[in-house]
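**Q** Prediction below, plus the sequence it came from.
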Amino acid sequence: MSTSRSGSGHSCDVVVVGGGVIGLSIAWRAALRGLTVIVLDPAPGSGASHHAAGMLAPVTEVHYGEEDLLRLNLTAAQRYPSFVAELEQATGTPVGYRATGTLAVAFDADDKAALDELHRYQSGLGLRSQPVNARECRQLEPFLATSVRGGLLVEGDHQVDSRRLVAALLLACERAGVEIRRNAARAVHVVGDRVVGIDGISAGHTVLAAGCWSGQLAGLPAHAQPSVRPVKGQIIRLRDDVEHPVLARNVRAFVRGRPIYLVPRADGEIVLGATSEEQGFDTRLTVEGTGDLLADARVLLPRLGEIVLAEMSVGLRPGSPDNAPMIGAGAMAGLVVATGHYRNGILLAPVTADAITQLIVDGTTPDGYERFDPCRFTRATVPV
Ligand code: GLY
């Protein structure tokens, strides 16, 4: 199968455009299958993965009408422990996987009604989420505001430290022989109706895994460009006291109708997120976006006022037209697409890598991936 053992020349089995969590996971798994792999990214791990909170939360993040995605997310959550174990073994680098569960809480009566509705929806889907009253919420998280009305405990929704994860993936890739080229991808090479590589590299498979930038490569005909848009997320990192943490588990909340989440790491970092804004490629922080996050978080957890504000940043989630990922063969031979993971890039990285590696090695994707076919938006419709 290999076209070049070293992968360091101008030909390889697989060239991956994008060195975020998706691209690096694919590159690592493909290299473990004996394929020669080159990753192109001017700054690996600096895109959406760098900003992500790393919640692995299929149940608390379930959305109406996204039942297919829920099934994939649940599979992904089950896959996580073994993926992390293998990655940590390969690199000797802990990635901060914490199986501490998630508490979703409501602040006022309207927030409580929304949470009750979420519970009905979750129960109807057979998901495990346990209603807890206000007193039980504060037993679980003693620093929550006394005005919290109640909540849902979801013991299966966890987290991983997304930055540690990406750093470990980069190391695992290098150890597995993946060549990381720190330059921006420019133009795809097309011969006839086949993609044959990019920027002077000949490759059997060209994988687009560049998040919301995946649709911007020169050389690809319009019908083969993945339709992906950026969804802006302003996000804040706080630095807590490791000895006396203010939170034991992920907390999600509606505070007067606005959703927020707090993801506490074992090393004291708390990630507070996030806005969700359709603003194109705008990466500016705003007073309103960050101010609302901080204000809502303080209402929910008054002790946060004493905690160090370490970082504010903006990530661009890659959203597809139906907000479900695009995982599979692209619209031309030789082209593979792995983008559009939107709110679930960290969670879906292992299963995406498994599916794409299977596609490259065997020419098939696992059952159920037809729903995430990258070509579903451009397929001709049959006139009635
Ligand atoms: N999954 C969290 C977010 O997209 O903000």
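**A** Yep, it's here. Residues are numbered from 1 along each chain as shown.
**Q** Please make it C-alpha for all contacts and neighbour counts, starting now.
**A** Noted.
**Q** Against the ligand, how distant is E288?
**A** Look at E288 and the ligand: by CA to the nearest ligand atom, to the nearest Å, they are 17 Å apart.
**Q** er, R120 I mean
**A** Distance from R120 to the ligand, by CA to the nearest ligand atom: 21 Å.
**Q** Tell me how many other residues crowd the residue in the chain that the ligand sits nearest to.
**A** Here the chain gets closest to the ligand at one residue, R343, 3.6 Å apart by CA to the nearest ligand atom. Close neighbours of R343, defined as other CA atoms under 10 Å, add up to 23.
**Q** And the pLDDT at it?
**A** Among the per-residue scores, R343 holds a pLDDT of 96.
**Q** What is the burial count for the nearest residue to it once chain neighbours are set aside?
**A** Leaving aside its chain neighbours, R343 sits nearest to R317 (6.6 Å; criterion: CA to CA, 6 or more residues apart in numbering). Neighbourhood size, R317 [other CA under 10 Å]: 28.
**Q** quick one: R317 is in a helix?
**A** No: according to DSSP: H, G, I helix; E, B strand; the rest coil, R317 belongs to no helix; its state is strand.
**Q** what's the helix or strand for R164?
**A** R164 is part of helix 162-175, with elements assigned from DSSP states H and E.
**Q** counting contacts, what elements does that helix pack onto?
**A** helix 21-32, helix 48-51, helix 67-91 (3 or more CA pairs under 8 Å, 6 or more residues apart in numbering; DSSP states H and E).
**Q** please redo it, this time with the cut-off set to 10 Å
**A** In terms of contacts (3 or more CA pairs under 10 Å, 6 or more residues apart in numbering; DSSP states H and E), helix 162-175 is packed against helix 21-32, strand 37-40, helix 48-51, helix 67-91, strand 179-181, helix 345-362.
**Q** The longest one: what's the following helix or strand?
**A** It refers to helix 67-91. strand 102-106.
**Q** what's the distance between the most centrally placed residue in the chain and D41?
**A** The residue lying closest to the centre of the chain (CA atoms, centre = their mean) is G345, at 1.6 Å. From G345 over to D41 the distance is 17 Å, taken as CA to CA, to the nearest Å.
**Q** buried set for stretch 129-148?
**A** By 16 or more other CA atoms under 10 Å, the buried positions in stretch 129-148 come out as 129, 131-132, 134, 137-138, 141, 143-146, 148.
**Q** ok, back up a step: can I get the helices and strands packed on helix 162-175 in JSON lines including distance to the ligand?
**A** What follows is the helices and strands packed on helix 162-175, written out as JSON lines (distance: least, CA to the nearest ligand atom, whole Å):
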{"stretch": "helix 21-32", "distance to the ligand": "14"}
{"stretch": "strand 37-40", "distance to the ligand": "25"}
{"stretch": "helix 48-51", "distance to the ligand": "9"}
{"stretch": "helix 67-91", "distance to the ligand": "11"}
{"stretch": "strand 179-181", "distance to the ligand": "27"}
{"stretch": "helix 345-362", "distance to the ligand": "8"}
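**Q** which one of those lies closest to V337?
**A** helix 345-362 (8.4 Å; CA to CA).
**Q** Check which residues of that closest one are buried.
**A** Applying 16+ other CA under 10 Å to helix 345-362 flags 345-360 as buried.
**Q** ditto for stretch 71-84
**A** In stretch 71-84, counting by 16+ other CA under 10 Å, buried: 72-77, 79-80, 83-84.
**Q** do stretch 101-109 as well
**A** 101-108.
**Q** Measure how far it is from the centre of its chain, please.
**A** How far stretch 101-109 lies from its chain's middle: 23 Å, per CA atoms, centre = their mean, to the nearest Å.
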